[in-house]
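> Sharing a model that was predicted from the sequence below.
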Amino acid sequence: MSGHTDDSRPIPSADADNATPTIYSGIDIVSIRRIADLLEEFSDSFPGRAFTVAERRYCDRQRSPSQHYAARWAAKEAFLKVLGEPSPSVPTREIEVIRDPSGPRLSLGPSAREALSARLSQIGVDARQADRSVSLSHDRETDAAMAQIVVIATGNNHPGGGCRP
């Protein structure tokens with residue numbers, strides 16, 4: 001991981017039904033220039049190892065591909081921080097940022113789903129009962145891309161509610 005802020009500790013809060021959801025939050029900030037340098041130095045090998053075909057297709061079609069790659073890399077790192085392990089063994093290609101009309105969302109491959117499920121089972125929550133949200137931001141002037149991943153888990157969520165495996 002890139003060594004930026006790790007805020008993946010659970011934060012208890014209360015909802016209207018008096019259930020206590022657990023919130024896991026991961027955030028990461030990436031230098032757009034750093035990603036541009038990696039893209040230049042490793043051409044297809046870096047994006048091929050780190051990003052899905054759909055992510056590469058989307059980023060490569062943008063006017064400034066490096067800022068879009070950087071935002072997606074930050075989202076992958078933020079998700080890994082949510083898992084709370086020092087070095088989770090989840091390939092970054094299994095953490096995909098998908099563009100939706102309602103905004104970006106995560107699609108998780110088998111090992112990423114399994115890792116999230118293991119993390120949530122520690123508190124007795126089925127991963128299908130967890131909502132995930134993704135926030136991406138990038139700015140070329142400040143040379144930064146940022147992503148935040150929030151996972152809210154409660155036993156009262158309906159299965160699949162907001163969770164997109």
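Great, that's in hand.

> Can you show me the helices along the chain?
32-42, 45-50, 53-60, 65-83, 110-121 (DSSP state H).

> so which of these comes closest to residue 96?
With Cβ to Cβ as the criterion, residue 96 lies closest to helix 53-60 of those, at 6.1 Å. In short, each C-beta sits where N, CA and C put it, glycine included.

> list the buried ones in stretch 90-105?
Within stretch 90-105, the residues that count as buried by 16 or more other Cβ atoms under 10 Å are 90, 92, 93, 94, 95, 96, 97, 104, 105.

> Now tabulate the helices of the chain in CSV and tack on mean pLDDT.
Formatted as CSV, the helices of the chain follow (pLDDT from 0 to 100):
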stretch, mean pLDDT
helix 32-42, 92
helix 45-50, 91
helix 53-60, 95
helix 65-83, 92
helix 110-121, 89
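
> I'd like the ones you listed laid out as JSON lines, including mean neighbour count and distance to residue 148.
Shown next, in JSON lines, are the helices of the chain (neighbours: other Cβ atoms under 10 Å; distance: least, Cβ to Cβ, whole Å):
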{"stretch": "helix 32-42", "mean neighbour count": "16", "distance to residue 148": "17"}
{"stretch": "helix 45-50", "mean neighbour count": "16", "distance to residue 148": "19"}
{"stretch": "helix 53-60", "mean neighbour count": "16", "distance to residue 148": "18"}
{"stretch": "helix 65-83", "mean neighbour count": "26", "distance to residue 148": "6"}
{"stretch": "helix 110-121", "mean neighbour count": "18", "distance to residue 148": "16"}
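
> could those helices be laid out in TSV, adding distance to residue 154?
Putting the helices of the chain into TSV (distance: least, Cβ to Cβ, whole Å) gives the following:
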stretch	distance to residue 154
helix 32-42	36
helix 45-50	32
helix 53-60	30
helix 65-83	16
helix 110-121	10
